[in-house]
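Next comes the sequence, and after it the predicted model I'd like to discuss.
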Amino acid sequence: MCKEKTPILESRHLNKVFTAPDGRPLYANNDISLKFYEGETLGIAGESGCGKSTLVRVLSLLEPPTDGELLLFGENVAGLKGEKKRKMRRHIQMVFQDPTDSFSPRMKVKDILCEPLENYGLIKPSEKAAKARELLKMVELPEEFAERYPRSMSGGQKQRVAIARALALEPEILICDEATSALDVSVQKSIVELLVKLQREKHTSIIFICHDVALIRSVSHRTAIMYLGFVVELAEGKKLGRGVCHPYTEALKSAVFSLDMDFEKEIESLDSEIPSPLERPTGCPFRNRCEKCMEICAAERPQLREVEKGHWIACHLYA
Ligand SMILES: Nc1ncnc2c1ncn2[C@@H]1O[C@H](COP(=O)(O)OP(=O)(O)OP(=O)(O)O)[C@@H](O)[C@H]1O
């Protein structure tokens, strides 16, 4: 038996409830318990609106959970405010789908790259040029990009700058929220390979959000499948979708994506160090939160029927 590693970040029974425009509660995240480890990529997949972005906003301390615990380095940070929260946020950085949204068009790449370090008072003006060069090298972009503006870069180049910017603070956790979705397939692949390479060098924990289960399976050591705000399946990367699995996972596993790198072997060697994933939920696929599940489903999915043992499931997948 391998000794359990300590997670860098852990969510325990985390819930996030919004209020819908008609005043009803909207359960965006339900009872989410996940562990994130150093050097591991945890993929999160699920259909649009299932709560992936809400979850990463909560995990990155951009929004507080409604209830539940969020442990960063073992400390519950769910209720942190002000300067304490700002300090903790440094450890978790994000890369979004469209980097253009987070870049000021009037800033040069060198200023974009060094901005997070400036915000935390970690760089002097005289050090910026060298730091920008170092960060560009890390993401395999030429030094002269430091003097460019975002408008003169391609989508893939902008995403490399976004990754470099996110890593400038040397975060323990990097969240990629659909970071490759807007790119064409070949660029997508080069960005994913860059992330894998950087993870090997820096042992960063990566949370990789993506609609494409085949891509997720290629890059993740473990993958969580979300459905209607619940994590309905948590599987080791290569085992996702093999054998008996949640019907939603079944529906997702179609496309084929493979990297040139022999990532499979690495995943296998890491698997032996990482504790077993959560057991597949038995009975209710929504972890016995049937009433809540039914309430959400009834509001959002008219096509429901009761299946075995009185548990409810979004049965359009069975129909
Ligand atoms: N600030 C908010 N106020 C109210 N409802 C919200 C808010 N943010 C998200 N929601 C709702 O929470 C649910 C989950 O949204 P979320 O953006 O997390 O889904 P997602 O899985 O990331 O979707 P996508 O893949 O399309 O980005 C949706 O029903 C959404 O409308």
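Alright, I've got the coordinates.

Now do the contacts for Glu10.
The neighbours of Glu10, taking C-beta atoms under 8 Å, 6 or more residues apart in numbering as the test, are 33-36, 69-71. (C-beta placed from N, C-alpha, C; glycine too.)

Surely it forms part of a helix?
No. Read with DSSP: H, G, I helix; E, B strand; the rest coil, Glu10 is strand and lies in no helix.

Give me the pLDDT for it.
Per-residue pLDDT puts Glu10 at 97.

now swap in the one 10 residues further on and tell me
Predicted confidence (pLDDT) at Ala20: the value is 82.

could we number from 420 for the rest of this?
Taking 420 as the first residue, the last one we looked at is Ala439.

Just give the closest residue to it, not the sequence neighbours.
In space, and not counting its chain neighbours, Ala439 is closest to Leu445: 4.5 Å by C-beta to C-beta, 6 or more residues apart in numbering.

ok so, going back, could you dump the contacts of Glu429 into a markdown table with neighbour count, distance to the ligand and secondary structure added?
As requested, the contacts of Glu429 are exported to a markdown table (neighbours: other C-beta atoms under 10 Å; distance: C-beta to the nearest ligand atom, whole Å; DSSP: H, G, I helix; E, B strand; the rest coil):
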| residue | neighbour count | distance to the ligand | secondary structure |
| --- | --- | --- | --- |
| Ser452 | 15 | 18 | strand |
| Leu453 | 21 | 15 | strand |
| Lys454 | 23 | 20 | strand |
| Phe455 | 22 | 18 | strand |
| Glu488 | 15 | 20 | strand |
| Leu489 | 23 | 16 | strand |
| Leu490 | 17 | 21 | strand |
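
possible to save those residues as a markdown table with pLDDT?
Below are these laid out as a markdown table (pLDDT from 0 to 100):
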| residue | pLDDT |
| --- | --- |
| Ser452 | 94 |
| Leu453 | 96 |
| Lys454 | 95 |
| Phe455 | 96 |
| Glu488 | 96 |
| Leu489 | 97 |
| Leu490 | 97 |
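
Just flag the most distant two among these.
Greatest spatial distance among the contacts of Glu429 (C-beta to C-beta): Phe455 and Glu488, at 13.8 Å.

Can you classify the residue nearest to Ala439 by secondary structure?
Using three-state DSSP, the structure places Leu445 in strand.

Show me the strands in the stretch 420-569 of the chain, by range?
With DSSP state E, counting those that start in this stretch as the criterion, the stretch 420-569 of the chain has strands at 428-438, 444-455, 460-464, 486-491, 494-495, 511-514.

out of the ones you listed, deepest packed?
Scoring those by mean neighbour count under mean count of other C-beta atoms under 10 Å gives strand 460-464 as the most buried, with a mean of 27.

Quick check: buried residues in stretch 601-612?
Neighbour counts over stretch 601-612 (16 or more other C-beta atoms under 10 Å) mark 601-602, 606-611 as buried.

can you tell me the helix or strand for Phe627?
strand 624-628 (DSSP states H and E).

Past that strand, which element shows up next along the chain?
Following strand 624-628 in sequence order, the next helix or strand is helix 632-638 (DSSP H and E).

and the next helix or strand along the chain from that following helix, what does it pack onto?
Beyond helix 632-638 on the C-terminal side, the first helix or strand identified by DSSP H and E is strand 641-646. Here strand 641-646 touches strand 460-464, helix 632-638, strand 649-655, helix 666-671, going by 3 or more C-beta pairs under 8 Å, 6 or more residues apart in numbering; DSSP states H and E.

Can you add mean pLDDT and distance to Ser545 and give these back as a markdown table?
Output for the helices and strands packed on strand 641-646, formatted as a markdown table (pLDDT from 0 to 100; distance: least, C-beta to C-beta, whole Å):
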| stretch | mean pLDDT | distance to Ser545 |
| --- | --- | --- |
| strand 460-464 | 93 | 36 |
| helix 632-638 | 82 | 38 |
| strand 649-655 | 86 | 47 |
| helix 666-671 | 65 | 50 |
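
To Ala439, which of those lies closest?
strand 649-655 (18.0 Å).

any idea how far the closest residue in space to Leu490 that isn't next to it in sequence is from Ser624?
Computed as C-beta to C-beta, 6+ apart, the closest residue to Leu490 that is not its neighbour in sequence is Glu429, at 4.4 Å. Distance of Glu429 to Ser624, computed by C-beta to C-beta, to the nearest Å: 11 Å.

joint contacts of these two?
Taking C-beta under 8 Å, 6+ apart as the criterion, Glu429 and Ser624 both touch Phe455.

Could you report the neighbour count for the closest residue in space to Leu489 that isn't next to it in sequence?
Using C-beta to C-beta, 6+ apart and skipping the chain neighbours, the partner closest in space to Leu489 is Ala497 (4.2 Å). Here the count is done by other C-beta atoms under 10 Å, and Ala497 has 19 residues near it.
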